[in-house]
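Coordinates for the following, if possible.
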Amino acid sequence: MNQLKQYLEISPAVQEALAANKPVVALESTIISHGMPYPKNVETALKVEQIIRDNGAVPATIAIIGGKLRAGLSKDEIDYLGQKGLSVTKASRRDLPVLAARGEDGATTVAATMIIANLAGISVFATGGIGGVHRGAETTMDISADLEELSVTPVMVVCAGAKSILDLGLTLEYLETKGVSVLGYQTEELPAFYTRKSGFKVDYRVDTPAELAGIFHAKENLNLKGGLLVTNPIPEEFAMDSDYISKSIEEACKEAEKLGVKGKDTTPFLLDKIQKITDGKSLDANIHLVYNNAVLGAKVAGELSKLK
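Got it, this is the predicted structure:
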C-alpha cells in the first residue's frame, strides 16, 4: 500500500466521503480530452459532477496528472485537461505504468478509470458508453481493453450500452465468454448509445437502483472477480432515429477505412465524424445520455453505501 501512495492521489473531498462510507461515483476523463471540443467538454464535465452532487453522491473525476493517478479533480484541473484536449494521452491499462514512471498526463478510458477507481476504493462508475468489439474485428482483432477490464476489475459501470459504432452482437458474445453480467436498467433490450434499441437482449432486466446495488453487493460477497455492466437507455426525448444514425455510422466507418484510421484513434475519429454528419445532434445525444447515467450512478452508489 505504501508503494501505491507514491502513485495514487485521492482528493480530500473523495477521501472524506470514502472514510465516512458516503456514496462516491467515479467519472472518466477521455470524454473531457477526446470526447468533445473546448469549452463544451469542460462545461459538460462540471455539469456531470453537479448532477452527481444533486443526487446525493460525491463525484470523483479520474485522470493521470504529472504521473499521479488521480481520483477527484479540481475545476482548474478539469479545465487543464479540457484545454490540452487531443494532445493528452488517451490512457488505457497499458499506458498507466509508462505515464506514472514518466510523470506525464493521461485522460482515462473506461478500463483505466475502472483500475484507478478500484485502487481508490470506489465501486460505482458512470460513463457514456463502453468500448467493445469493433466492426470487422474477426480480421483486425480490434477489441477494446474495456471488455477485458470488466472481466477482472470489481467496479459497476453504468453506461448507455456499447457505442453503436461497434459490433454489438460480438461485444455481447465477448462479455458472455468473460462472465460479465449485462444488466438492463428498466429494459430487456441492450441500448445502443444514441438509440434505446439494438435488437439484442441483455442478460437481466433490473428495475430499481436498490436491486442493482444488491446484485453488486452479492457479487462482492461471493468473491467473484470482475465488474458489472449496467446499461441505461438514453432518455426518449434525446434518442436519435435508428435508421438515420445507422446510415451516419456506416458513412463514418467507410471514411475511417479509406483513411486507414486504426486502434485507439478509431473511436474519437468516428464520434467526431458522426457529429459532423448529424450537424451536432449526436453530440447533444451523447451529453444527455451521460447526464442520465450520472443520475443513476449516484442513486446506485447511495443504495450501495447503505449495504456496506
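
wouldn't Glu9 be in contact with Leu69 here?
Yes. Counting by Cβ atoms under 8 Å, Glu9 does reach Leu69; the two are 6.9 Å apart. Just so you know, the C-beta spots here come from the backbone N, C-alpha and C atoms, and that holds for glycine as well.

neighbour count winner among the two?
Leu69 (24 against 17; other Cβ atoms under 10 Å).

Check which helix or strand that one maps to.
Element membership of Leu69, judged by DSSP states H and E, is strand 68-71.

what about that strand, average pLDDT?
Averaged over strand 68-71, pLDDT sits at 98.

Likewise for stretch 194-208?
Regarding stretch 194-208, the rounded mean pLDDT is 95.

can you check stretch 276-293 too?
Average pLDDT, stretch 276-293: 90.

mind listing the strands for the stretch 1-150 of the chain?
Along the stretch 1-150 of the chain, counting by DSSP state E, counting those that start in this stretch, strands occupy 8-10, 24-27, 58-65, 68-71, 89-91, 106-108, 124-126.

does the residue lying closest to Lys178 once chain neighbours are set aside sit in a helix or strand, and which one?
By the measure of Cβ to Cβ, 6 or more residues apart in numbering, the closest residue to Lys178 outside its immediate chain neighbours is Ser151, 3.5 Å from it. In the assignment (DSSP H and E), Ser151 maps to helix 145-152.

Please name the residues that touch the most centrally placed residue in the chain.
The residue lying closest to the centre of the chain (Cα atoms, centre = their mean) is Thr127, at 3.3 Å. By Cβ atoms under 8 Å, 6 or more residues apart in numbering, Thr127 lies in contact with Leu27, Glu28, Ile31, Val110, Thr113, Val157, Val158, Cys159, Val290, Asn293.

What helices and strands are in contact with the longest helix seen in the chain?
Counting by DSSP state H, the longest helix found in the chain is helix 281-307. Using 3 or more Cβ pairs under 8 Å, 6 or more residues apart in numbering; DSSP states H and E as the contact test, the elements touching helix 281-307 are strand 24-27, helix 40-54, strand 124-126, strand 156-159, helix 209-221, helix 266-277.

export those to TSV and tack on distance to Ala192?
Output for these, formatted as TSV (distance: least, Cβ to Cβ, whole Å):
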stretch	distance to Ala192
strand 24-27	22
helix 40-54	21
strand 124-126	18
strand 156-159	11
helix 209-221	20
helix 266-277	13
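
To Glu16, which of the ones you listed lies closest?
Shortest separation from Glu16 across these is recorded for strand 24-27, at 9.9 Å, computed as Cβ to Cβ.
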